[in-house]
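> predicted coordinates and the sequence they were generated for:
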Amino acid sequence: MAYKFKKIPNHLAIIMDGNGRWATKRGLPRNYGHKEGVNAVERTINYCLKYGIKYCTFFAFSTENWKRSKEEIDGIFSLLRSYITKNDDLFLKKEVKINYIGELTPFPDDLKSILVNYVKKTKDFDKLTITFALNYGGRDDLVRAVNKIIEKGYKNITEQQLLQELDTKDLPEPDFVIRTSGEQRLSNFMLYQMAYSELYFSKVYWPSFNEKHFTKALKVYEKRKRRYGGLS
Ligand code: FPP
C-alpha cells in the first residue's frame, strides 16, 4: 500500500535539471543524460498515479534551449518521438491524458503530428494529466497571451481573462514545483502561474530522481502552510 499523504499537490510542476552533469560525471555524452532523464519521467508518471497526483507538468524544452548544439536538440527530439510512440498503448491503458504547453511551430512536422494526435486520443481521460512544456517560456506565454488579447480588441482585461489566454488555461495553477540538480531558480517556467506555488529544490540530478526522492519532496509539501498572502 502506498503511503497516504495528508495533503498532496493537485498540480506538480517539475524542472528536470542535471541531465548533462549526470552524463558528464560518468564520462558519457550529454544525450545519455537526457535518455536516462526520460526513464525518470516514466518513473515519475508512475509515482503520480501511485500517490494520486492529478496534474504533472514537465519542463522538457525551454525557449532558451535552442541555444544548445543541433546534435543535442535533435537528440532530445528523437527521445520525445520514441518515448511517445513507445508508450502509445501504455498511456491509453493507464488512462493518462497527454497535453503540451508552448509554441510547437518550430518543431519537426512528424513530432508535432505525433504529439497533436496523442493529445486528441487521450483528451477524455481525467485520472492524470501529463503536460510537456515544449519550446515553452513563461515570458513567451505572457507575450503571446497579450497579443491574442490585442487581436481581440480588448482595452482592458481582468486577471481571469488573462489566464484564459495563457497556454495553461485548462490547467490549475501549480501547487508544488520541484527542481532537481541543486540549482535554485525558475528559469522562465510558468512565471505568472507560479505566483503562489511552493518551491522545492533537490540536489539530485534528474536521471537519478527516484521514488525515495519523490516521497521526500511530498513529505516537505505535506508540512507547508499555504497562506496566499493571508493569515493562517
Ligand atoms: C535539463 O538538464 C534537461 C533538459 C533541458 C531537457 C530535458 C529533456 C528530457 C528529459 C527529454 C525529453 C523527453 C520527455 C519524454 C519529456 P540539462 O541538460 O540542463 O543538465 P545540465 O544543467 O547538467 O547541463
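Thanks, I have the structure now. Residues are numbered from 1 along each chain as shown.

> by proximity to the ligand, which residue of the chain wins?
residue 20 (2.5 Å; C-beta to the nearest ligand atom). All C-beta atoms are positioned from the backbone trio N, CA, C, and that covers glycine.

> for residue 26, see how far away that residue is.
Taking C-beta to C-beta, to the nearest Å as the measure, residue 20 falls 11 Å from residue 26.

> the two: which has the busier surroundings?
residue 20 (20 against 11; other C-beta atoms under 10 Å).

> in whichever strand or helix holds the more buried one, what counts as buried?
Using DSSP states H and E, residue 20 maps to helix 19-25. By neighbour count on 16 or more other C-beta atoms under 10 Å, the buried set for helix 19-25 is 19, 20, 21, 22, 23.

> which other helices and strands does the lowest-mean-pLDDT helix or strand in the chain contact?
Least confident helix or strand of the chain, by mean pLDDT, DSSP states H and E, is helix 88-94 with a mean of 85. Counting by 3 or more C-beta pairs under 8 Å, 6 or more residues apart in numbering; DSSP states H and E, the packing neighbours recorded for helix 88-94 are helix 109-121.

> buried residues in the helix it packs on?
Residues of helix 109-121 classed as buried: 111, 114, 115, 118 (neighbour count, 16+ other C-beta under 10 Å).

> following the chain onward from the helix holding residue 20, which element is next?
Counting by DSSP H and E, the next helix or strand C-terminal to helix 19-25 is helix 30-51.

> does anything pack onto the following helix or strand past that following helix? Which helices or strands?
Going down the chain from helix 30-51, the next helix or strand is strand 55-62, by DSSP H and E. In terms of contacts (3+ C-beta pairs under 8 Å, 6+ apart), strand 55-62 is packed against strand 11-15, helix 30-51, helix 70-86, strand 128-136.

> what would those look like in CSV with mean neighbour count?
Shown next, in CSV, are the helices and strands packed on strand 55-62 (neighbours: other C-beta atoms under 10 Å):
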stretch, mean neighbour count
strand 11-15, 25
helix 30-51, 19
helix 70-86, 15
strand 128-136, 23
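
> so for residue 199, which of those sits nearest?
strand 11-15 (9.8 Å; C-beta to C-beta).

> quick one: the closest one to strand 55-62, angle?
Here strand 11-15 runs at an angle of 20 degrees relative to strand 55-62 (axes from the mean of the first three to the mean of the last three C-alpha atoms, to 10 degrees).

> give me the mean pLDDT for strand 11-15.
Strand 11-15 shows a mean pLDDT of 98.
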